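[1] no letters, just coordinates:
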């Protein structure tokens, strides 16, 4: 689901819909996560998140790509 508008107004409309379909979803896509980075929960399962953190620490030790 996509929407345009003020962040809080959009969330008020979409969050109930997301809650309804949550049991039937496999996750979220990074490309459609909110730009401020404040909704990263659910993007990766714990094992994938740990693997990606290890890759990031190898290829970006200076933490240039923070998001």
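    Arrived safely, thanks for sending. Keep in mind the model is a prediction, meaning the values are calculated, not measured.
[2] only C-alpha atoms from now on, for both contacts and neighbour counts.
    Noted.
[3] in terms of secondary structure, what does the helix or strand containing residue 52 contact?
    Element membership for residue 52 (DSSP states H and E) is helix 46-59. Packing contacts for helix 46-59, counted by 3 or more Cα pairs under 8 Å, 6 or more residues apart in numbering; DSSP states H and E, involve no helix or strand.
[4] that helix: which residues count as buried?
    Using 16 or more other Cα atoms under 10 Å as the test for burial, helix 46-59 gives no buried residues.
[5] hmm, who's touching that helix?
    Residues outside helix 46-59 that contact it (Cα atoms under 8 Å, 6 or more residues apart in numbering): residue 63.
[6] distance between it and the chain's centre?
    Its chain's C-alpha centre and that of helix 46-59 lie 15 Å apart, by Cα atoms, centre = their mean, to the nearest Å.
[7] and that helix, average pLDDT?
    Taken as a whole, helix 46-59 has an average pLDDT of 91.
[8] in this protein, which spans are helices?
    7-21, 46-59 (DSSP state H).
[9] quick one: closest of those helices to residue 30.
    helix 46-59 (12.6 Å; Cα to Cα).
[10] what about this protein, any weak spots by pLDDT?
    27-28, 32-42, 67 (pLDDT under 70).
[11] burial measure for residue 44, as a count.
    Residue 44 has 16 neighbours, counted by other Cα atoms under 10 Å.
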